[in-house]
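Colleague: Whatever this is, show me its structure:
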Amino acid sequence: MEIRSLEDLRAADNLSLAFNPYGLGSRMQPEDAAEFQQRQIADCDLTEGVAAGTRDSFERLRTVFAYGVLCYDVYTMVGDQALLIFEQALRDRFMEWCAGSITFRSPQDPDVSFAVTSYDEVKKLADRMVRRRANLVVATNAIEFNGMLHGLRRWARTAGLLRGRRSRTVEDALAKLRNHVAHPSGHHVDTPVEAARTVRDLAELINQLWGHATPGGRLYPAPLHREIAVLSWNGLGRVRMEPAGALSGPDPTEEQEREYQHIVVRAIPFIPNSRWNDDHWAEFDTRYETTRFPTDYLWGPGTRAEARAWLERERPESDSVDFTDRVFLLQDLGRLLPPMRPAVAAGLPDGERVGVWHAVRADFPDDAFAHVRGSGDGSAGHIRRPGDCSVCSAEVLGFGSFDEALRAAAAALGPIQAVQLPSVRLPLSIFWPDRP
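Modeller: Numbering: from 1, shown residues only. Okay, here's the model as predicted:
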C-alpha cells in the first residue's frame with residue numbers, strides 16, 4: 001500500500017470534480033464541488049422521534065458523504081452503508097412498535113406472547129416460531145415473520161407504516177441491493193448521483209416509518225394541495241383550466257364564450273416545472289378516473305355566469321389529497337374500460353353492472369388499467385388472484401361479478417357510499433382510446 005502524505009489526502013479527486021450541476025462535463029473547482037455535493041443531501045433531515053441509533057447512523061452517512069470530493073470511493077461506501085441502515089431502521093422501528101412484547105399465532109394453539117428487550121431476542125423467537133409454523137400477530141392479521149429483512153418489510157406494510165404501490169417496488173429493489181451489499185459476489189462502483197439518491201430514499205423511508213411523509217418526496221410524498229378550478233370546453237375541442245378566482249374578472253366577449261361549457265372541480269393546480277402537474281387534466285371524466293391525480297367534480301356544466309354565481313354562493317375550499325394506495329374498480333365488457341372510483345361504480349344502475357369487474361389498489365389509474373389488461377393473458381406475469389403483483393405496481397383485491405368486486409373494495413376502504421354524478425366528459429380522450 002502506498003503511504004500518501006497529508007497534503008495528498010487533502011487534494012480533491014479529479015473524478016469527483018467531473019460531476020457538476022449539468023451532469024458530467026468540465027471539472028469544477030474543489031471548493032465549488034464540495035459545496036455542490038453537500039447540497040445534494042443537505043435537506044435530508046430526519047423527523048423528530050426517530051430512534052437514536054438510526055439517527056446517528058444516518059447522520060454519519062451525511063458527514064462522510066462530503067469527503068467524496070477527496071476520495072471518489074467514498075460514494076460507493078456511503079451508498080452501501082445506506083442500504084444496510086435500511087434494515088437497522090426497520091429493526092429500531094419494530095422495537096418501538098412492539099413496546100416490549102410480541103405475539104405469535106399457531107394454527108392449532110392459542111396466541112402466545114413473549115417479552116422482548118432487544119431485536120436479537122426477537123430474531124431468536126422468530127426462528128423458533130417459524131419452525132412451529134407460527135405467525136406474528138399484527139393488529140388483526142397474522143403474518144409470516146422470520147425476523148430478517150423480508151419479514152420486517154412485510155411487518156411494516158401490514159402495520160401501515162409504509163404506503164404506496166410504486167414505493168413498494170422501490171423497496172423491493174432496495175432489498176435486493178442490500179442483499180448484494182451484505183453478500184457481495186464482485187466489485188462495484190457507485191457515482192455521487194447514485195449515492196445521493198440512495199441517501200435521499202433512505203431518509204424518506206426512515207421518516208415514513210416514523211409517520212412523517214416527505215413534501216415533494218419521490219417514494220412517500222406528502223399529500224398534494226388542490227385548488228378550486230374551472231374547466232371549460234367548446235364544440236371545437238378547445239379546453240382550458242383557470243383558477244376559480246379568474247371568474248371574478250372581466251368576462252371574455254360573448255362571441256368567445258358562446259360555445260363554451262364550464263364545470264367547477266377541485267384539482268391539482270398547474271405549477272410550471274413541477275413534477276406533480278397533472279398532464280391529463282383536459283381528459284377529466286365524471287365517471288372514469290382519467291386524470292393522473294384525484295380530481296373532484298363540484299358543479300356543472302353551465303355558463304360562466306352560472307359558475308361564478310355558484311362559487312360565490314357555495315365558496316368551496318381547497319384541500320390536500322393523498323394519491324397513493326387508491327382503490328379502483330374496472331369493468332371488462334370484452335374490452336377493458338377505464339378505472340372508476342368505487343363510490344361512482346356503486347351508483348351505477350343495475351343494467352350497467354354487467355361483465356367482469358376487477359378491484360385493484362394502485363397509486364395511479366393507469367397502473368390499475370395496465371395491470372388488469374396485462375392479466376388478461378398469463379404471458380405478462382401479472383397475477384389475477386388477490387395479492388401484490390410481482391411485475392407491476394398494483395395489488396389485486398378481488399375480481400368477478402360487480403358485487404364481488406365491490407365487496408373487495410369495501411373490505412379495503414370500509415363502507416362505500418354510492419354517488420351519482422352527471423355525465424360530463426371533456427373532449428380530449430388521448431390517454432384512454434378505448435373508453436366508451
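
Colleague: What pLDDT does the model give the residue most central in space within the chain?
Modeller: Compute the mean C-alpha point of the chain, and by Cα atoms, centre = their mean the closest residue is Gly164, 3.8 Å away. Looking at Gly164, its pLDDT is 96.

Colleague: Surely it and Arg218 touch.
Modeller: No - the pair Gly164 / Arg218 is not scored as a contact, 10.3 Å apart, by Cβ atoms under 8 Å. All C-beta atoms are positioned from the backbone trio N, CA, C, and that covers glycine.

Colleague: Surely Ile3 is within a helix?
Modeller: No - Ile3: not assigned to a helix; according to DSSP: H, G, I helix; E, B strand; the rest coil it is coil.

Colleague: how many other residues sit next to it?
Modeller: Each residue near Ile3 was counted by other Cβ atoms under 10 Å, and the total is 5.

Colleague: mind checking pLDDT for it?
Modeller: 89.

Colleague: The residue nearest to the centre of the chain: what's it in contact with?
Modeller: Leu219, Tyr220, Thr324, Asp325, Asp363 (Cβ atoms under 8 Å, 6 or more residues apart in numbering).

Colleague: Let's see that with 6 Å instead.
Modeller: Thr324, Asp363 (Cβ atoms under 6 Å, 6 or more residues apart in numbering).

Colleague: and Pro316, how many neighbours?
Modeller: When neighbours are counted by other Cβ under 10 Å, Pro316 registers 16.

Colleague: Report the spatially closest residue to it, excluding sequence-adjacent ones.
Modeller: Nearest residue to Pro316 in three dimensions, chain neighbours excluded: Ile228, at 5.2 Å (Cβ to Cβ, 6 or more residues apart in numbering).

Colleague: is it true that that neighbour lies in a helix?
Modeller: No - Ile228 is assigned strand when assessed by three-state DSSP, not a helix.

Colleague: Show me the beta-bridge partners of it.
Modeller: Counting by DSSP bridges, Ile228 is bridged to Arg266.

Colleague: And the one 4 residues further on, by the same measure?
Modeller: With DSSP bridges as the criterion, Ser232 is bridged to Arg240, His262.

Colleague: Confirm for me that it is in contact with Glu259.
Modeller: No - the criterion here is Cβ atoms under 6 Å, and Ser232 misses it with Glu259 at 10.0 Å.

Colleague: which of those two has more neighbours?
Modeller: Ser232 (21 against 12).

Colleague: From the chain's centroid, how far away is stretch 136-145?
Modeller: How far stretch 136-145 lies from its chain's middle: 24 Å, per Cα atoms, centre = their mean, to the nearest Å.

Colleague: could you dump it to PDB, C-alpha only?
Modeller: Taking Å, rounded to 0.1, in the frame of the first residue of the first chain, the C-alpha atoms of stretch 136-145 are listed here in PDB:
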ATOM      1  CA  LEU A 136     -46.600 -12.800  14.100                       C
ATOM      2  CA  VAL A 137     -49.800 -11.100  15.100                       C
ATOM      3  CA  VAL A 138     -50.000  -7.500  13.700                       C
ATOM      4  CA  ALA A 139     -53.300  -5.900  14.700                       C
ATOM      5  CA  THR A 140     -56.000  -8.400  13.400                       C
ATOM      6  CA  ASN A 141     -53.600 -10.100  11.000                       C
ATOM      7  CA  ALA A 142     -51.100 -12.900  11.400                       C
ATOM      8  CA  ILE A 143     -48.100 -12.800   9.000                       C
ATOM      9  CA  GLU A 144     -45.100 -14.900   8.300                       C
ATOM     10  CA  PHE A 145     -42.200 -13.400  10.100                       C
END
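
Colleague: all strands for the stretch 151-300 of the chain, in order.
Modeller: Secondary structure of the stretch 151-300 of the chain (DSSP state E, counting those that start in this stretch): strands at 224-233, 239-243, 261-267, 296-302.

Colleague: And the strands in the stretch 301-436 of the chain?
Modeller: 319-321, 326-332, 356-362, 387-388, 394-400.

Colleague: Tell me which stretches of the stretch 201-350 of the chain form helices.
Modeller: Taking DSSP state H, counting those that start in this stretch as the test, the helices found in the stretch 201-350 of the chain are 254-257, 304-314, 342-346.

Colleague: Would you mind finding the most buried of the ones you listed?
Modeller: helix 342-346 (a mean of 21; mean count of other Cβ atoms under 10 Å).

Colleague: tell me what it is packed against?
Modeller: strand 326-332 (3 or more Cβ pairs under 6 Å, 6 or more residues apart in numbering; DSSP states H and E).

Colleague: the inter-axis angle of the strand it packs on versus strand 356-362?
Modeller: Relative orientation of strand 326-332 versus strand 356-362 (axes from the mean of the first three to the mean of the last three Cα atoms, to 10 degrees): 160 degrees.

Colleague: Need the contact partners of strand 326-332.
Modeller: 337, 339-340, 342, 345, 355-361, 368, 372, 405, 409, 412-413.

Colleague: Below-threshold pLDDT in the chain: ranges please.
Modeller: 249-258, 378-379, 428-436 (pLDDT under 70).

Colleague: got the buried residues for the top helix by length along it?
Modeller: In the chain, taking DSSP state H as the definition, the longest helix is helix 73-98. Buried residues in helix 73-98, counted by 16 or more other Cβ atoms under 10 Å: 74-83, 85-95, 98.

Colleague: list the helices and strands it packs on?
Modeller: By 3+ Cβ pairs under 6 Å, 6+ apart, helix 73-98 packs against helix 52-65, helix 165-182, helix 192-209.
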